[in-house]
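**Q** prediction below, plus the sequence it came from.
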Amino acid sequence: MARAKSSARGGNRRGSPEAIEKRKVARMFNDFLGGRGAAAHKLDGRTEKRRQRLLRELEAGQAHGARDLKPLDILQRVQELLELGEAVSSIKKVRKVPKAIPPADETVELVERLHKAYAFRREAYRFVGISDEVLGSAGVIQAEGKKGGRKRRAA
């Protein structure tokens with residue numbers, strides 16, 4: 001009977017969002033006031049491990065060593081690495097940038113819909129072969145030069 005009662009109560013609170021935030025803030029506070037101000041800007045252990053795993057997966061082209069990464073998987077991993085502060089140049093070292101896909105109406109429309117749904121950073125699209133020209137036509141980035149001028153005059 002005692003076992004059923006303890007398991008019905010639920011698990012411990014070490015994994016609760018509040019507890020995680022407390023530990024994270026406490027580490028940052030100790031690093032900051034302890035004279036290790038530069039260490040406060042480093043990633044914590046779990047985040048660093050995640051960053052390394054994402055880079056490994058991009059390099060191997062496989063998730064968890066089993067299934068091949070799809071283009072959307074690549075976009076998501078690159079986006080996450082960029083959000084963690086990883087430089088584009090270091091991502092290029094592990095993931096070769098493919099040739100750009102020629103701009104076509106269906107490509108532009110698809111990228112436009114994808115960007116509305118996911119809002120990936122423009123740098124991430126390079127790693128799946130989407131050029132700045134396609135991004136400009138899809139409205140992801142401001143069209144520069146002639147294309148932007150034509151659109152404004154026609155309106």
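**A** Everything's here; your move.

**Q** contacts, neighbours, all on C-alpha from now
**A** Fine.

**Q** would you map out the domains in the protein?
**A** 14-43, 45-95, 97-155 (automatic domain parsing).

**Q** make a markdown table from those and add mean neighbour count and mean pLDDT to it.
**A** Formatted as a markdown table, those follow (neighbours: other Cα atoms under 10 Å; pLDDT from 0 to 100):
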| stretch | mean neighbour count | mean pLDDT |
| --- | --- | --- |
| domain 14-43 | 12 | 75 |
| domain 45-95 | 15 | 90 |
| domain 97-155 | 15 | 81 |
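
**Q** wasn't Gln142 part of a strand?
**A** No. Per DSSP: H, G, I helix; E, B strand; the rest coil, Gln142 lies outside any strand segment and is coil.

**Q** hang on, it packs against Gly136?
**A** Yes. Gln142 is in contact with Gly136 according to Cα atoms under 8 Å; the separation is 5.7 Å.

**Q** and the gap between the closest residue in space to Phe120 that isn't next to it in sequence and Arg56?
**A** By the measure of Cα to Cα, 6 or more residues apart in numbering, the closest residue to Phe120 outside its immediate chain neighbours is Gln79, 6.3 Å from it. Per Cα to Cα, to the nearest Å, Gln79 is found 15 Å from Arg56.

**Q** likewise Ile130?
**A** Distance from Ile130 to Arg56, by Cα to Cα: 22 Å.

**Q** same check on Ile101?
**A** For Ile101, the distance to Arg56 equals 25 Å [Cα to Cα].

**Q** got it, and Ala63?
**A** For Ala63, the distance to Arg56 - Cα to Cα - is 9 Å.

**Q** quick check, Gly136 in contact with Tyr125.
**A** No. Using Cα under 8 Å, Gly136 is not in contact with Tyr125, being 11.9 Å away.

**Q** so who does Gln76 touch?
**A** Phe120 (Cα atoms under 8 Å, 6 or more residues apart in numbering).

**Q** now tell me what touches the helix or strand encompassing Arg50 from outside.
**A** Using DSSP states H and E, Arg50 sits in helix 45-60. When contacts are defined by Cα under 8 Å, 6+ apart, helix 45-60 is touched by residues Ala63, His64, Gly65, Leu69, Ile74, Arg77, Leu81, Leu84, Ile91, Val94, Arg95.
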